[in-house]
Every structure is written in C-alpha cells, then in structure tokens.
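A.B. asks: fold the following, please.
(2 chains)
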Amino acid sequence: MSSQMNNESSGANALRDNAGVAEVLGRTYSAGFITDIEMTGLPPGLDEETVRQISAIKGEPVWMTEWRLDAFRHWLTMPKPDWAKLNIDPIDYQAISYYAAPKAGPKSLDEVDPALLETYEKLGIPLHERAALAGVAVDAVFDSVSVGTTFRKQLAEAGVLFCSMSEAIREYPELVRKYLGSVVPTGDNFFAALNSAVFSDGSFVFIPKGVRCPMELSTYFRINAQNTGQFERTLIVAEEGSHVSYLEGCTAPKRDENQLHAAVVELVALEGAQIKYSTVQNWYPGDENGVGGIYNFVTKRGDCRGDDSKISWTQVETGSAITWKYPSVVLRGDRSVGEFHSVALTHHHQQADTGTKMIHLGRHTKSKIVSKGISAGRSSNSYRGLVKMEKGAEGARNHTQCDSLLIGKQCGAHTFPYMEVKNPSAIVEHEATTSKISDEQMFYCRARGISEEDAVSMIVDGFCKQVFRELPMEFAVEAKKLLEVSLEGAVG
Amino acid sequence: MTMLKIENLHARVEGREILKGLSLTVNAGEVHAIMGPNGAGKSTLGNVLSGRDGYEVTEGTVSYNGVDLLTLAPEARAAAGVFLAFQYPVEIPGVNNTYFLRAALNAQRKVRGEKELDSMQFLKLVREKLKVMQISDELLHRAVNEGFSGGEKKRNEIFQMAVLEPQLAILDETDSGLDIDALKQVAQGVNTLRSPHRAFLMITHYQRLLDYVVPDFVHVLADGRIVESGDKSLALKLEEHGYADIGAGAAA
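C.D. replies: Residues are numbered from 1 along each chain as shown, chains lettered A, B, ... in the order given. Got it, this is the predicted structure:
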C-alpha cells in the first residue's frame, strides 16, 4: 500500500512577495567551521588492504579483522540500493578516505588537543567538568576516532560501561563479540556491509542487569577532515531490567563536496529493559543551490530481545543533503514495545527518505509511530514505513501517525506506508495528514505582533510538539532552536 | 484627541473595489459602532486597518496617532497598539495559548522598547486579567483556538485584547454566532476595557451587541462609504427599519 501527496499547486501567498528572502535563504550553518588540526589518516581508496590497515591501526584482535574482511567481501557482491525516492549522484567509493584522526592521539581528556576542545566548545558540547552540571556523559567522535569520554568513573561505579567502540573491542572483547552484528548482520544492506568493513569508531554502552543508568549518555559526532567518510558503529546493550537514555548529536563543516556518513547503530534490550535513543542530526545540508552536504545513509535497529522490553527512537533531523534512514525495532519478546518519534525537516534542495520498521514477532507486542515531516524550499521529504505482523504476533498492535507540513510551493511530501499482517488478531492503524502553514495563521500571528519568521517557527514548533515532548529537556530546547535556524527565510 | 483619521479611503480586494471613499475620525476614549448590510465593506475596513495581505489601498489616507498606518507591517501596527479581534479566530495546533500570548506581548514590548516579561511576571498579569474578564483559566492550557467552540474563540479574542492592552481595538463581528450569555460576557469584557486612552471600533451586523456595549457613535457603512452617522438611537432605527432605506444604493 502506498499513498502519495504532492504540493506542486499549493497556494501559499506568503511566498508571493519574496524579494529579499533569497538573502536570508543563504542562512549560515553555524556549525560549519573547519578545525585546523594536525591529522593523520589513510589515503583515499578501498580494498582489503585498507580494511586490514584500519584494523591494524586500532590494534584489533584477529577475529575482528576477519569479521571486517567478511563484511567487505560481502559488500563487493552487493548492488547499491536505489529504491528510495532520492536522487543520488554516483558515489566513488575509491575517492573517499576511510580513516582520519587527529595526529596527537589522546590518552585522556587532559591530553586532548586544545583546538579540538575548542571545537566542541563552539558546538556547545560540555566535554569538561561543566558537563557535571548538565549531568550528561559525553563521548565525542571526531572524524574517525573517539576523543574522550567524560564521567567514566561515576558510570563505572554504577557498573555502566560507556566507551569508544575501539576501546570496547580491546577491553571487553567477549561482550562485543557476543552482540556486535547480532542486530544488524554484516550483510544486512549495502551501507551496513560497508560500515562493518571500515567502521573506525563509535560508542559502546553496556548497562548491567537491574541498573538504571544514573545519567543521560551522549555522543557527539563531527566530520571535520576533507574527503573523509564517517563510519561509526554504536552498540548499546541493556541487560535484564535495566534502563538507559542515550543522545546523539551530529555536525560537520561546510564543504562543497558531498561527504558520506554511513553509520550502524545496534540496540539490544533484554527482558524488561528499556532503551531510549534520541538523535538531533544537523549534518551540513549543502548550500541553497544544493552544492555539498552530507550523505547520511544510516542503519539503526533495535532488538527487543526479551519479554516486556522497550525501545524508543526519537529523532529530529534537519541536516544532511540526503538522508536514508529507517530506525527500526524488532519486537521479539512478548509484550515488548517499540516507538518511533520523528521530526524530519528539509529545506532548499535537501532530500530525505526516512521512516521506520516495526517487526512484530512476539505476542501482544505494541508499536507506535509518530512521524512529522516538514518540507520547505525545493526539498523532498518522504516517509517510508513498514509495519510487519508475523504469524506469532498474537494480539499485536500498531498505531502510525504521519503528518506532513508544507511551506511554500516547490517542495514535496510523500508517504509510503507498507503493512504486512500475517496474524489475523493483530491490529494496524494508520493516519496521515498533509497541511500547509496557511495565510490565515500567518496573519493571525502577525496581527498579534509576532514577526513572520517567529510565526513560522511557532507554527512548526506546534506541529512538532508531540515529538519534542519525547526528547530530554535540554535536547528539546536545542531541537527547537535548530528548526528555527533551519527555517530562516522559508517564508517571505 | 484624535487617534484615528481615515480620509477618502478606497480599497480593493482581488481587483474589486470594496471601500469607495470612506472617511471616519475616532478620538481616544470613544466607542464607535460600524453597522451595515452584508457586503458593505465592514470586514474589509478591519482588514485594511490591520494590514492583511491582499487588500490593496488605491486612494486615501489613514493616520493613527499622527503616523501613516498604511505603511506599517501588520506586526508593527500591533506593536503600535492596533488590535483586531477576528471574526473567525484561527487555530494554531500544538501552540499553547499562554505561550502564544506571551510571545505576542513580548514581541510588541520589544518593538516599543519596553522590557520583556518573564514567565512569572506574565503569569501574574494573565491571572489578573482572567479575574477581571471572568474567564476560566481552562482556555490557557489549550492550543490556540484548537477545538474551541465559537463562543470560546470569541472570548479568547477578548482575553487577548485584555492582555495586550491595545489603544485601538477593532472588533470584527465579535458578536456573531454568540448565544446571549456569551454575548453578555464578551460585552462585559469590552466594557471593562473601556478607558479614556482607548478607542473601539465595533463592526457589527446587528444592534443587539449595542444593548450591552453602548457606543458613543453609530455609523452606517453601505457600498463602501459611511452614509449616515449618529448616536445610539441610529442603531435602534436600523433595527426597526432595516438597512433598505438608508443611504443611496445600499447593497441591502
């Protein structure tokens, strides 16, 4: 089943008089600075030797190198996916550098290059003790390596492991070996296979049985070096009855070339465990003519492996030139719950094909999908979602709500909901709406003294409320600001 | 003191001339009722004064406190103290009513060079106004006009007016669609806000609102012009005889 809505004929008068808007349209991407720092890395190119080199630099054990090589060999046999509603220029995988790192390898936070710390400061990430106030433990990934994880000690006291993936492979090989690739197998899809072969770092989180993680965990990803791809790998394992809330944020400098970001995130929730995963993604979206920007091709999947477990994805996506991303939940355990709350905003020439998959295997499993798509400029914003009720999903339920908001006349919003129901007792509900910011709403706000730009952000904010409510407080504020900046000049 | 001076105002909507030489003077402290048949241009007058897109002024002037009102953007007019109570208040889903009103008030204050109110100060102001206006605070917790009944929407407009404290309040058929209790409540709100520093322009089709808000002047608008002016008795006359025998060629 597929439905489609287009906005070619929308009559937003607000855009009629858009002299001067062009100027504002060239809004500044505030995270677009480049950090001048001594880098080391591999030259562009990809073959088995590259994979071995990455593994060697990381000092990985043989099993890990073999795991990567298996993935690489599989990747060579896979066709590029082209089913999404995206126009992607061919990517030259040999022109990308698969490993880049600040030259002075950091051993602890104190040894981190000050220029790097300054970068994180500019981005507003509390890497130092200031983080204590915010109560957020941060792992920051700069290009390919993790540069420091705060709050290690406090977390260790609670028994929580939070470190870079490289470190986890060295320090906790048995845990990594047990869970890595168990949710997203190496050959799952083209980009996941590529990631499995060349991933350079990422975050590892392990919450032991019965532990409620004492603080929000957070990772900030940043692509700095030119012509590099970022392939991080995140693995979160929540043992029986444990709880964790994890946040990730992403930025990149402005560059004219497209940069590739192909991450894999795997979540495992055992019996009664809860994982809440929030993303605020602000990769460089390219300029107003569609030049440059990040290709964000990400595989995110959670496995509710145990009964009564819960995984929820919340995402606010305003960046990237092209987004291809479907955070999913496999509801394996009985009575397990999967949630997906998403705001995806596209402007200028951005393209997004994003949504979720809820795979119901267990009995009385429940899933909820709330997707809010906002399109402005000449962008294209598609929701693609799959709800699958397998034979054993007795009494399973899904509710999907897909709302699209259109700003201007040249953007498009599309909804592609797929449903497969193999158990007659399962219930699947789908609601979809498409609306525009009306002239009446704009005038009403302005007649009360609110400027046009503020009115747009207010209306958009109202539209997104349901999703923002799911974000941790400080992220909700950031998300709201991000939308405001992203929408500057969207209505004139 | 003259607050609003409209002279020979001509305005078009979608190429059609609706106002055809309207003149009107309003002083601070006065309540003017603008009455007239459907299609006479009553709502057009309100929209032109508040600056809605699509209303093209082709001739004439509007001076508000000595300023050329027509050159100001709608939000600048609001900051200058012009308020339009909408005939059809607009829903803004997901935007909290209190949040909206605070954003509006602070935006206006900022333009006027006044200090913005923090949430505590604002809440205090809102509580006072609710009390004076005898409005339940239940409206505050909902999204702007979302799911409001017709009466609630109109009361919300009056409540916004109370908080924003405009100098010139234009009420566009605020009485339409109200039952008698709601009408009384709206009228009571308006009466509370009457002051020597504030003027009202009440656009209405029926005279029943004027039973509760007694105007200083009543004007009959027909075919884009004020064709007759008088005191409250004019409204009663209209009630009795209708618009048919008033003015030349009124579009009754």
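A.B. asks: for B:E152, give its distance to B:I135.
C.D. replies: 9 Å (CB to CB, to the nearest Å). No exception for glycine: its C-beta is placed from N, CA and C like everyone else's.
A.B. asks: and for A:L471?
C.D. replies: Taking CB to CB, one finds A:L471 at 33 Å from B:I135.
A.B. asks: A:E453 now?
C.D. replies: Counting by CB to CB, the gap from A:E453 to B:I135 is 31 Å.
A.B. asks: and the two? Which one has more around it.
C.D. replies: Each of A:E453 and B:I135 has its neighbours counted (other CB atoms under 10 Å in any protein chain shown); B:I135 has more, 19 against 16.
A.B. asks: Three-state assignment for the more buried one, please.
C.D. replies: Assigned with DSSP: H, G, I helix; E, B strand; the rest coil, B:I135 falls in the coil class.
A.B. asks: and for B:L123?
C.D. replies: helix.
A.B. asks: next, count neighbours for it.
C.D. replies: Around B:L123 there are 14 residues (other CB under 10 Å).
A.B. asks: pLDDT wise, what is it at?
C.D. replies: As predicted, B:L123 sits at a pLDDT of 91.
A.B. asks: got the contact list for it?
C.D. replies: B:T98 (CB atoms under 8 Å, 6 or more residues apart in numbering or on different chains).
A.B. asks: repeat that for B:K129.
C.D. replies: Contacts of B:K129 (CB under 8 Å, 6+ apart): B:I135, B:F159, B:A162, B:V163.
A.B. asks: between these, which sits nearest chain A?
C.D. replies: B:V163 (10.1 Å; CB to the nearest CB).
A.B. asks: who touches the closest one in this structure?
C.D. replies: Taking CB under 8 Å, 6+ apart as the test, what B:V163 contacts is B:L101, B:L105, B:L125, B:V126, B:K129.
A.B. asks: so the fourth one is in contact with B:T98, correct?
C.D. replies: Right, the one you point to is B:V126. Yes - between B:V126 and B:T98 a contact is recorded at 6.6 Å, counting by CB atoms under 8 Å.
A.B. asks: which residue is the nearest non-sequential neighbour of the closest residue to chain A within the stretch 51-200 of chain B?
C.D. replies: When scored by CB to the nearest CB, the stretch 51-200 of chain B has B:G94 as its residue closest to chain A, at 3.0 Å. Nearest in space to B:G94, with sequence neighbours left out and distances taken as CB to CB, 6 or more residues apart in numbering or on different chains, is A:G462 at 3.0 Å.
A.B. asks: B:Q167 too?
C.D. replies: B:G81 (3.5 Å).
A.B. asks: isn't there a helix covering the residue of the stretch 51-200 of chain B closest to chain A?
C.D. replies: No - if the criterion is three-state DSSP, then B:G94 is strand and not within a helix.
A.B. asks: the stretch 101-250 of chain B against chain A: which residues are in contact?
C.D. replies: B:L101, B:A103, B:A104, B:L105, B:A107, B:Q108, B:V111, B:A143, B:V144, B:Q160, B:L164 (CB under 8 Å from any CB of the partner chain).
A.B. asks: and if we set it to 7 Å?
C.D. replies: B:A103, B:A104, B:A107, B:Q108, B:A143, B:Q160 (CB under 7 Å from any CB of the partner chain).
A.B. asks: any idea how far the residue of chain A found nearest chain B lies from B:A78?
C.D. replies: Per CB to the nearest CB, A:G462 is where chain A lies closest to chain B, at 3.0 Å. Separation of A:G462 from B:A78 (CB to CB): 20 Å.
A.B. asks: these two: who's more crowded?
C.D. replies: B:A78 (26 against 23).
A.B. asks: lowest-pLDDT helix or strand in chain A?
C.D. replies: When each helix and strand of chain A is scored by mean pLDDT, DSSP states H and E, helix A:21-25 comes last, with a mean of 33.
A.B. asks: let me see the contact set for residue 42.
C.D. replies: No chain was given, so I picked chain A. A:T50, A:Q53, A:S97, A:Y98, A:Y99 (CB atoms under 7 Å, 6 or more residues apart in numbering or on different chains).
A.B. asks: wait, chain B was what I had in mind.
C.D. replies: Taking CB under 7 Å, 6+ apart as the test, what B:K42 contacts is B:I34, B:G36, B:I203, B:L221.
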